[in-house]
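Engineer: here's a sequence, model it:
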Amino acid sequence: MMSAPRLIFVYKADADPFSRLTDAAHKIISPQTYSCDLCLLTHGWLRERSAWRAFIQALPLACEFLHRDQLEARFPHVAVELPVVLRLTDAAPSVCLDAAAIRGCASLEDLMDLLSARCIDAQHQRIEPHA
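Structural biologist: Next up is the predicted model:
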């Protein structure tokens, strides 16, 4: 039985409390040098943007959010530049939006439009395990 596809959003940050605190401070003090473009678009200084939350809740696919360390633990064979949006089908992830596409979004609206166009109905190339 095939499982329903889901989107996995992976932030270019770690999940531990110290990393989260450091990331929040970095966004406030020096947002132009903050390295996670996905987080800059989808979150304010301390929390998720309400427009983003509403968009995610309205998507026809289940969504999951991981940090870099969580991705490495769950999918050790996946080697991609972060941040990234993956589409997971039967435990095989494929890239919907790579880091360059996310970096190219000038606004949250751009990101939402790109996600709708590329991740909801599109077929994607599977990621092959690296040697």
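
Engineer: look up phi and psi at the closest residue to residue 36 other than its chain neighbours.
Structural biologist: Sequence neighbours aside, residue 12 is the residue nearest to residue 36 in space, at 4.0 Å (criterion: CB to CB, 6 or more residues apart in numbering). Any C-beta I mention is one placed from the backbone N, CA and C, and that applies to glycine too. Here the main-chain torsion angles of residue 12 (degrees, to the nearest 10) amount to phi -90, psi 60.

Engineer: my guess is residue 12 meets residue 68, correct?
Structural biologist: Yes - in this structure, residue 12 is within contact of residue 68 by CB atoms under 8 Å, at 6.1 Å.

Engineer: overlap in contacts, the two.
Structural biologist: Common neighbours of residue 12 and residue 68, using CB atoms under 8 Å, 6 or more residues apart in numbering, are residue 82.

Engineer: doesn't residue 82 lie inside a strand?
Structural biologist: No - counting by DSSP: H, G, I helix; E, B strand; the rest coil, residue 82 falls outside a strand, being coil.

Engineer: check contacts around residue 97.
Structural biologist: 84-85, 114-115, 118-119.

Engineer: what does residue 83 give?
Structural biologist: Residue 83 neighbours (CB under 8 Å, 6+ apart): 9-12, 36-39, 99, 102.

Engineer: which residues in this protein form helices?
Structural biologist: With DSSP state H as the criterion, the chain has helices at 17-29, 37-42, 50-58, 68-74, 99-103, 108-119.

Engineer: pull out the buried positions in the fourth one.
Structural biologist: Translated: helix 68-74. 68, 70-71 (16 or more other CB atoms under 10 Å).

Engineer: can I get the CA coordinates of that helix in CSV?
Structural biologist: Provided in CSV are the C-alpha atoms of helix 68-74 (Å, rounded to 0.1, in the frame of the first residue of the first chain):
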residue,chain,number,x,y,z
ARG,A,68,19.4,20.0,9.5
ASP,A,69,20.3,17.6,12.3
GLN,A,70,16.9,15.9,12.2
LEU,A,71,17.2,15.4,8.4
GLU,A,72,20.6,13.8,8.8
ALA,A,73,19.3,11.5,11.5
ARG,A,74,16.2,10.5,9.5
